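Peer 1: Next come a sequence and a model predicted from it.
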Amino acid sequence: MATLRSGTKLEKLDANGNKNTVADFGDKVSEKQAKIDNGKTVWVIFISLLIDLLAFTLILPLFPALISHYREHDSSGLFRAMENKVKVFQDLVGAPDRFNTVLFGGFIGSLFSFLQFVSSPIIGGLSDRFGRKPLLLISAVGIAFSYLLWALSSNFTIFILARSVGGIFKGNVSLSTAIITDVSTPATRARGMALVGIAFSIGFLVGPMIGAGFSVWREGQGENWYVYPAIFALILAIIDIFFIAIFFTESLPEYKRHGSTADTLAQIKEYLDPMSLFKFSSLRNLEPKKLASLQQVGLLYFIYLFLYSGMEFTLTFLTHLRFNFTSMQQGRMFLFIGTLMAIFQGGYVRRIPPGSEKKVAMRGLLLIVPSYAIVGMSQSVSMLYLGLALYAISTAIVVPCLTSLVSQFGDQHQKGIIIGVFRSLGALGRAMGPIFGSLLYWSLGPEISYGICGFGLLIPYFLLKKV
């Protein structure tokens with residue numbers, strides 16, 4: 001028996017001299033190269049997201065110091081006006097004066113999330129039309145500009161402008177998710193989504209530690225101490241811009257893009273209507289049954305993050321009042337949560353078999369019910385940490401699995417819109433959650449409020465069960 005090569009095909013001659021194709025080497029080589037390129041893209045996105053999150057999270061421990069700084073040094077008058085609004089809410093819910101700073105930070109965080117809610121589907125939709133890389137670079141440049149404004153924020157108005165610009169351009173997370181969807185298969189998608197979760201866990205572990213270092217170091221640095229952490233964040237953002245420009249290869253080639261610029265601009269108007277977002281009405285040519293399922297996932301994701309972010313925000317109140325936690329002890333608490341999430345996402349979530357995302361997400365939603373009950377009723381630090389451990393495991397599971405699930409809907413050129421709208425609904429939940437959580441906590445107390453939110457999270461569970 002002889003073996004011949006014909007073009008790129010390997011063929012064998014049987015005993016009668018007939019040719020039998022054994023393999024097409026060109027296809028095999030292309031397929032192998034595609035896997036290598038796709039794997040590289042996922043890691044590029046992971047590193048880019050990690051750099052971005054380190055810069056984004058370092059401001060978190062600095063909020064109390066920044067609010068104190070602008071209370072004394074704001075020349076614009078905006079701080080006093082906002083403080084009066086927060087005071088009205090504080091009196092409404094009955095929160096003590098010492099939590100004024102926490103409530104103030106919550107309102108600024110809600111503003112940031114609301115702007116994400118507006119911008120994420122717009123950035124996602126534009127990326128479906130013009131490609132992922134241009135929009136990813138625009139987002140990175142916008143975020144860098146927000147840090148530049150922070151460095152120049154001699155008054156509170158400029159600082160709020162900096163946070164607003166950051167919220168508007170914070171579409172890189174939904175773009176990163178869309179890119180992973182572009183280059184992954186059903187078998188590898190969960191692993192890619194888990195890497196996004198790991199980037200978040202590491203970012204929220206290391207970034208606040210960097211910020212805490214700046215917080216300690218600021219003593220004796222004068223009125224403009226905030227310039228140094230802002231410049232550090234700006235340097236990280238500039239590194240991210242160059243990293244994306246050099247190493248990221250476009251994941252949505254032109255032949256996979258559909259529609260015209262006019263259609264894209266028409267869809268943008270729909271993104272500004274919350275009801276249109278809940279209906280995913282900007283999508284075209286999606287089967288009614290699949291659209292109904294997608295709408296259900298979007299709704300349950302909003303409810304989940306609305307209740308989740310509300311209780312997450314009040315955790316600071318609970319630990320300070322019940323256990324007299326200092327800022328350092330609260331930092332250790334969040335370090336424990338972040339570490340557990342990173343370990344769980346790296347060891348378990350990235351190995352979830354394709355097709356099991358819904359089932360695993362449902363388990364995670366069930367797990368948060370006892371976690372909230374334990375945290376709300378905890379009378380010892382060990383009991384608190386038991387509840388927080390269940391809370392961390394649930395968090396590590398739910399968001400990556402729901403994101404992986406929603407990324408399976410629609411054609412390739414619709415992924416940006418779908419994931420952008422999905423994350424936008426989550427941002428709306430995060431914008432409204434802290435206000436609702438504070439109202440519930442100060443009105444009913446931790447035991448009842450955590451119990452209500454825990455059982456409330458059974459609503460997303462049953463909605464997901466129907467999908």
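Peer 2: Right, received. Where do you want to start? Quantities reported herein were computed from a predicted structural model and do not represent experimental measurements.

Peer 1: ranges for the helices of the stretch 1-150 of the chain?
Peer 2: Along the stretch 1-150 of the chain, the segments classed as helices by DSSP state H, counting those that start in this stretch run 25-57, 63-73, 78-93, 100-130, 132-151.

Peer 1: Show me which positions of the third one end up buried.
Peer 2: Put plainly, it is helix 78-93. Neighbour-count burial for helix 78-93 flags 78, 79, 82, 83, 86, 89, 90 (criterion: 16 or more other C-beta atoms under 10 Å). (Each C-beta comes from the backbone N, C-alpha and C, glycine too.)

Peer 1: Out of the helices of the stretch 1-150 of the chain, which gets nearest to residue 457?
Peer 2: Of all the helices of the stretch 1-150 of the chain, helix 100-130 sits nearest to residue 457, with 19.0 Å by C-beta to C-beta.

Peer 1: Could I get the contacting residues of residue 103?
Peer 2: Residue 103 makes contact with 86, 89, 90, 95, 438, according to C-beta atoms under 8 Å, 6 or more residues apart in numbering.

Peer 1: Can you tell me which of those residues is nearest residue 167?
Peer 2: Closest to residue 167, out of all of the contacts of residue 103 and judged by C-beta to C-beta, is residue 86, at 18.8 Å.

Peer 1: how about the buried residues of helix 78-93 in TSV, adding pLDDT and distance to residue 233?
Peer 2: TSV is the format used below for the buried residues of helix 78-93 (pLDDT from 0 to 100; distance: C-beta to C-beta, whole Å):
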residue	pLDDT	distance to residue 233
78	90	22
79	90	22
82	88	23
83	85	25
86	84	25
89	83	29
90	82	30
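
Peer 1: Leaving out the residues flanking it, which one is nearest to residue 190?
Peer 2: residue 352 (4.5 Å; C-beta to C-beta, 6 or more residues apart in numbering).

Peer 1: Can you read off the pLDDT for the one you found?
Peer 2: At residue 352, the pLDDT value in this model is 85.

Peer 1: Give me the phi and psi for it.
Peer 2: Per-residue torsions, residue 352: phi -60, psi 130 (degrees, to the nearest 10).

Peer 1: Next: residue 96.
Peer 2: Dihedral angles for residue 96 - degrees, to the nearest 10 - are phi -60, psi 160.

Peer 1: Report the separation between it and residue 321.
Peer 2: Residue 96 sits 9 Å away from residue 321, going by C-beta to C-beta, to the nearest Å.

Peer 1: between these two, who's got more neighbours?
Peer 2: residue 321 (13 against 10; other C-beta atoms under 10 Å).

Peer 1: Does residue 125 touch residue 416 like I think?
Peer 2: Yes. Counting by C-beta atoms under 8 Å, residue 125 sits close enough to residue 416 to count as a contact (6.1 Å).

Peer 1: who's in contact with residue 48?
Peer 2: For residue 48, the contact set (C-beta under 8 Å, 6+ apart) comprises 136, 140, 172, 176, 240, 243, 244, 248.

Peer 1: To clarify, my last question referred to residue 366.
Peer 2: 458, 461.

Peer 1: Go again with 6 Å.
Peer 2: Residues near residue 366 by C-beta atoms under 6 Å, 6 or more residues apart in numbering: none.

Peer 1: how far away is it from residue 464?
Peer 2: From residue 366 to residue 464 the distance is 11 Å (C-beta to C-beta).

Peer 1: same deal with residue 444?
Peer 2: Counting by C-beta to C-beta, the gap from residue 444 to residue 464 is 27 Å.

Peer 1: So those two - more neighbours on which side?
Peer 2: residue 464 (22 against 13).

Peer 1: give me the element that one is part of.
Peer 2: Using DSSP states H and E, residue 464 falls within helix 458-466.

Peer 1: Show the average pLDDT along that helix.
Peer 2: Mean predicted lDDT for helix 458-466 stands at 93.

Peer 1: starting at the chain centroid, how far to it?
Peer 2: 21 Å (C-alpha atoms, centre = their mean, to the nearest Å).

Peer 1: before we move on, what about stretch 47-61?
Peer 2: 12 Å.

Peer 1: okay, now residue 439: neighbour count?
Peer 2: 18.

Peer 1: which stretches of the stretch 301-450 of the chain have low pLDDT?
Peer 2: Applying pLDDT under 70 to the stretch 301-450 of the chain picks out residues 327.
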